[in-house]
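>>> quick one: sequence and predicted model below, then my questions.
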Protein chains: 2
Amino acid sequence: MRADAQRNQQRILDAAEEVFTHRGASASTEEVARLAGVAIGTLFRHFPTKDDLLAAILKRLLARLAQEAATLGGADGLHIFFRRLVEQAAAKRTVVALADVSVPAAVGQLGEAVGQLLGQAQTAGTVRGDVRQPEVMALLVSLCQGALHGGWDVQLQERTLDVVFAGLAAQAPLAGSLRRPPPRPGAVGGRP
Amino acid sequence: MRADAQRNQQRILDAAEEVFTHRGASASTEEVARLAGVAIGTLFRHFPTKDDLLAAILKRLLARLAQEAATLGGADGLHIFFRRLVEQAAAKRTVVALADVSVPAAVGQLGEAVGQLLGQAQTAGTVRGDVRQPEVMALLVSLCQGALHGGWDVQLQERTLDVVFAGLAAQAPLAGSLRRPPPRPGAVGGRP
DNA sequence: TAAGATAATGAGTCGAGACTCATTTTCCAA
DNA sequence: TTGGAAAATGAGTCTCGACTCATTATCTTA
């Protein structure tokens, strides 16, 4: 590949990440090209479709996250990772793309990394043993989406994560339905 | 207001709810008009802007949800409401709009209703006392978003909600940061 | 029932944004 | 150096969807 082509491809990717993570996936390709300092035709030479471009930056993002997850570890690794991701989502739109375009391979990569973190946390006793990777990923994605759309402030984010972490830490497995103390006389309402 | 006008307004609202909850807010107004059986001009006579239309159905949806919340109650009311909403989100796009358009008044209404349910659950001892309404709303919105974008199956949804419910039920308040058993020698990693 | 106010109609305007391609420029191997 | 392949350029095309408005139809009330 020619040197200028390679350089432009990088520039376009960087610009696309900047634009799409801030303005969302509906930002225009022209804005990306402008920021990258290339003509629109050049952009489409490298990424024949807007979706191709989105998929490319998403792949990069997820790979980066997976790598970050891999450097973490230990009793708190999962929690730290969780917190960082949600913070990022609240500030930028980093993880949103996750929903708009799907790059199964990249998502799988991240899923595995999260699985590793989960395993270590469980070994260390920070997370109860009956939680599995899919629900952790589900929570992760949900909270990122929520933080993004809701525009949470720091306090709310903190309190919300605390609830989730408490759920991950709870000692007694709940086995598929809510377990609760026997209803006291005087409690309002009942089961419909 | 003339009788035909009133009838058409209803038809448009119903059609819009159907279309937007299934195809998302980016569905076209023409599709709404077609389903409603009116011309496009009629739609814009009633709702001068697409956003007005979105706001109108969102207001209706949220009011309906608030009302549903109000009929529930007791120890499990909050949990039942939570579960229903997330189920709906997984199937349709019901709650998504919540993010796209903002109708502060209607959201506030729903927030109050959820606050009521929370209070009752806390009185009944099903939810720990130090949880407040904003984080419950945050969790609710997050999980709906997650369920929607992730296309969860029933099992995953069940397991994910279980974790959240466990967090809401946990006996020991966590007071703003993760509390965990003292690290055992042999546990991997540590705090960065 | 007839006037006229109100509402419905739908072809047309307008702008935005994804994508194309004939032309020009740049790179690099010989 | 230079020939020609690879790449860049950007004005132009095309589609789609929100919104308009002159015309036609419908309702209502006196």
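Looks like it came in fine.
>>> please make it C-alpha for all contacts and neighbour counts, starting now.
Fine.
>>> quick one: mean pLDDT for stretch A:58-75?
On average, the pLDDT along stretch A:58-75 is 91.
>>> how far does it sit from the chain's center?
A distance of 10 Å separates the centroid of the chain from that of stretch A:58-75, by C-alpha atoms, centre = their mean, to the nearest Å.
>>> tell me if it is near chain B.
Yes: counting by C-alpha under 8 Å from any C-alpha of the partner chain, chain B is contacted by stretch A:58-75 at A:Leu72, A:Gly73, A:Gly74, A:Ala75.
>>> pull up the residues of chain A that are close to DNA strand C.
Selection of chain A residues close to DNA strand C by C-alpha under 7 Å from any atom of the strand yields A:2-4, A:26-30, A:40-41, A:44, A:48-51.
>>> now the helix or strand that contains A:Ala121 - C-alpha only, PDB.
Element membership for A:Ala121, per DSSP states H and E: helix A:104-124. Only the C-alpha atoms of helix A:104-124 are listed here, as PDB (Å, rounded to 0.1, in the frame of the first residue of the first chain):
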ATOM      1  CA  PRO A 104     -19.500 -10.000  16.300                       C
ATOM      2  CA  ALA A 105     -15.800 -10.900  16.400                       C
ATOM      3  CA  ALA A 106     -14.800  -7.700  18.200                       C
ATOM      4  CA  VAL A 107     -17.600  -8.000  20.700                       C
ATOM      5  CA  GLY A 108     -16.600 -11.600  21.400                       C
ATOM      6  CA  GLN A 109     -13.100 -10.400  22.100                       C
ATOM      7  CA  LEU A 110     -14.300  -8.000  24.700                       C
ATOM      8  CA  GLY A 111     -16.700 -10.600  26.100                       C
ATOM      9  CA  GLU A 112     -13.800 -12.900  26.700                       C
ATOM     10  CA  ALA A 113     -11.700 -10.200  28.400                       C
ATOM     11  CA  VAL A 114     -14.700  -9.500  30.700                       C
ATOM     12  CA  GLY A 115     -15.000 -13.200  31.400                       C
ATOM     13  CA  GLN A 116     -11.500 -13.300  32.500                       C
ATOM     14  CA  LEU A 117     -12.000 -10.300  34.900                       C
ATOM     15  CA  LEU A 118     -15.100 -12.000  36.200                       C
ATOM     16  CA  GLY A 119     -13.300 -15.200  36.900                       C
ATOM     17  CA  GLN A 120     -10.600 -13.400  38.900                       C
ATOM     18  CA  ALA A 121     -13.100 -11.400  40.900                       C
ATOM     19  CA  GLN A 122     -15.000 -14.600  41.700                       C
ATOM     20  CA  THR A 123     -11.800 -16.400  42.800                       C
ATOM     21  CA  ALA A 124     -11.000 -13.400  45.000                       C
END
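>>> which strands or helices does that helix pack on?
helix A:50-71, helix A:77-91, helix A:133-150 (3 or more C-alpha pairs under 8 Å, 6 or more residues apart in numbering or on different chains; DSSP states H and E).
>>> returning to what we had before: report the lowest-confidence entry in the residues of chain A next to DNA strand C.
Within the residues of chain A next to DNA strand C, pLDDT is lowest for A:Ser26, at 89.
>>> pLDDT value on the nearest residue to it once chain neighbours are set aside, please?
In space, and not counting its chain neighbours, A:Ser26 is closest to A:Phe20: 7.6 Å by C-alpha to C-alpha, 6 or more residues apart in numbering or on different chains. Predicted confidence (pLDDT) for A:Phe20: 91.
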